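Peer 1: What follows is a protein structure lacking sequence information:
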């Protein structure tokens, strides 16, 4: 197996943390987006959308979409479970995972894409979209803080892929967007301390 | 079990089609978003984000997020399989399902939300976002047309949840946004004929 990687991307990072939490050793190959390596014929044959990460299996099969890569690794390397342990639990982890994508990670990426210099000329940047999304982020953090009351991790008492996605969202928020978890949000702050100190957090 | 439903929503529709394809009979209860029923304390206890659909199980557990509801039903009612049949196949269906969400369904919803009268005052509408998303939709349809060459369904030779999500996107595009699949996109047009004539298409 090989992981085609984009080192600073929060999507690639969530797959790398997932791999580290599973204790797997999968070689990575960085793809240089700035030189257009992701738009070459060779790479587009692996993912026709030209996005990273991609997991290439030994038989040449390629899996795109970070969450789909995690799902494959969960099924082929079930321990420790990071996506739930029975049908209902798996659906709840999946629900929380999606909520973290739609309420946190995707909005962070939207703000980055619509304000960042590296996206100038690659997309039509809409500053108003970044502003509105930034304002909504405050409400999302307040919502998540309430949801975390009395819970150790986002989907309950176990660390899961939902935590991984949320922590990658906040890493991007902090490093690239100046978004920090307000100290007044005590449950969210406690959760952040719990996840950002894990040995895998910098994978 | 009971499905809290929003009849015109493409997200609710994809769950209803999934249920129909499984041959299940799950009672539905419509939630009136226009009168704010989805923001009542009772409904927020089922889904704190106030969104539909929600699947309520007999023990009172609630599952939000359309794709997570489908995942639960797939696991508890495996036949016919709509999400793949082994680890690699399931990851490929999941990948295609996400691509249909991110390239088609979510953009259609974005256009609707940022232009539709029913969303005025509920969100900050950004007409430029709708315009840019509409222009990208053309490119997405061309990409999907190429991907469908020689394939009967989106993830391969079997009808899956990826087709369901894509067809719900195009139903919304046609009914609410005036977006039609160009006849010049022959593979996509053929696929559309194949899926929109299924007995479950109007579930």
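Peer 2: On my side now, so go ahead. Note that this is a predicted model, so its numbers are computed, not measured. Numbering: from 1, shown residues only, chains lettered A, B, ... in the order given.

Peer 1: what's near enough to touch the closest residue to residue A:27 other than its chain neighbours?
Peer 2: Once flanking residues are discounted, residue A:27 sits nearest to residue A:2: 5.3 Å by CB to CB, 6 or more residues apart in numbering or on different chains. In short, each C-beta sits where N, CA and C put it, glycine included. Taking CB atoms under 8 Å, 6 or more residues apart in numbering or on different chains as the criterion, residue A:2 is in contact with A:26-29, A:55-56.

Peer 1: And residue A:2, its phi and psi?
Peer 2: According to degrees, to the nearest 10, the main-chain angles of residue A:2 amount to phi -150, psi 140.

Peer 1: Bridged to it, which residues?
Peer 2: Beta bridges link residue A:2 to residue A:56, judged by DSSP bridges.

Peer 1: Pull up the gap between it and residue B:50, please.
Peer 2: Going from residue A:2 to residue B:50 by CB to CB, to the nearest Å gives 42 Å.

Peer 1: With residue A:138 instead?
Peer 2: Taking CB to CB, one finds residue A:138 at 18 Å from residue B:50.

Peer 1: quick one, which of these two is more surrounded?
Peer 2: More crowded of residue A:138 and residue B:50, by other CB atoms under 10 Å in any protein chain shown: residue B:50, with 17 against 12.

Peer 1: Pretty sure the more buried one sits against residue B:42.
Peer 2: No. Judged on CB atoms under 8 Å, residue B:50 makes no contact with residue B:42 at a distance of 11.2 Å.

Peer 1: How about residues contacting the longest helix seen in chain A?
Peer 2: Determined from DSSP state H, the single longest helix within chain A is helix A:127-147. Contacts to helix A:127-147, defined as CB under 8 Å, 6+ apart, come from residues A:103-104, A:107-108, A:110-111, A:114-115, A:154, A:166, A:173, A:177, A:179, A:181-182, A:185-188, B:48-49, B:124, B:126, B:128-129.

Peer 1: And it, what's buried?
Peer 2: Going by neighbour count (16 or more other CB atoms under 10 Å in any protein chain shown), the buried part of helix A:127-147 is A:129-130, A:132-134, A:136-137, A:140-141, A:144-145, A:147.

Peer 1: Next, find the distance separating residue A:180 from residue A:139.
Peer 2: Residue A:180 is 16 Å from residue A:139, by CB to CB.

Peer 1: what about stretch A:47-62, start to end distance?
Peer 2: Chord length of stretch A:47-62, first to last residue, is 8 Å (CA to CA, to the nearest Å).

Peer 1: What lies in contact with that stretch?
Peer 2: By CB under 8 Å, 6+ apart, stretch A:47-62 touches A:1-6, A:9, A:11-12, A:15, A:26, A:31, A:33, A:38-39, A:43-44, A:46, A:63-64, A:66, A:69, A:72-73, B:88, B:92, B:99, B:103, B:143, B:146-147.

Peer 1: which residues touch residue A:114?
Peer 2: A:123, A:125-127, A:129-130, A:133.

Peer 1: Give me the pLDDT for it.
Peer 2: On pLDDT, residue A:114 comes in at 96.

Peer 1: so what's it closest to, chain neighbours aside?
Peer 2: Per CB to CB, 6+ apart, closest to residue A:114 is residue A:130, 4.1 Å.

Peer 1: One more: residue A:113?
Peer 2: Per CB to CB, 6+ apart, closest to residue A:113 is residue A:119, 4.8 Å.

Peer 1: again, but for residue A:62
Peer 2: Nearest to residue A:62 is residue A:46, by CB to CB, 6+ apart, at 4.5 Å.

Peer 1: For residue A:76, list the residues it contacts.
Peer 2: residue B:87.

Peer 1: What about it? Give its phi and psi, please.
Peer 2: phi -90, psi -20.

Peer 1: do the same with residue A:156
Peer 2: The phi/psi pair for residue A:156 (degrees, to the nearest 10) is phi 140, psi -130.

Peer 1: any idea which helix or strand carries the closest residue to it other than its chain neighbours?
Peer 2: Spatially, and ignoring its direct neighbours in sequence, residue A:156 is nearest to residue A:92 (7.4 Å; CB to CB, 6+ apart). Here residue A:92, judged by DSSP states H and E, is contained in helix A:87-100.

Peer 1: what residues does chain A put near chain B?
Peer 2: A:48-49, A:57, A:61, A:63-65, A:67-69, A:71-72, A:75-76, A:87-88, A:90-92, A:94-95, A:98-99, A:103, A:124, A:126, A:128-129, A:132, A:143, A:146-147 (CB under 8 Å from any CB of the partner chain).

Peer 1: Show the buried residues in those residues.
Peer 2: Among these, those that count as buried by neighbour count (16+ other CB under 10 Å) are A:49, A:63-65, A:67-69, A:71-72, A:88, A:90-92, A:94-95, A:98-99, A:103, A:126, A:129, A:132, A:147.

Peer 1: Appreciated, that's everything.
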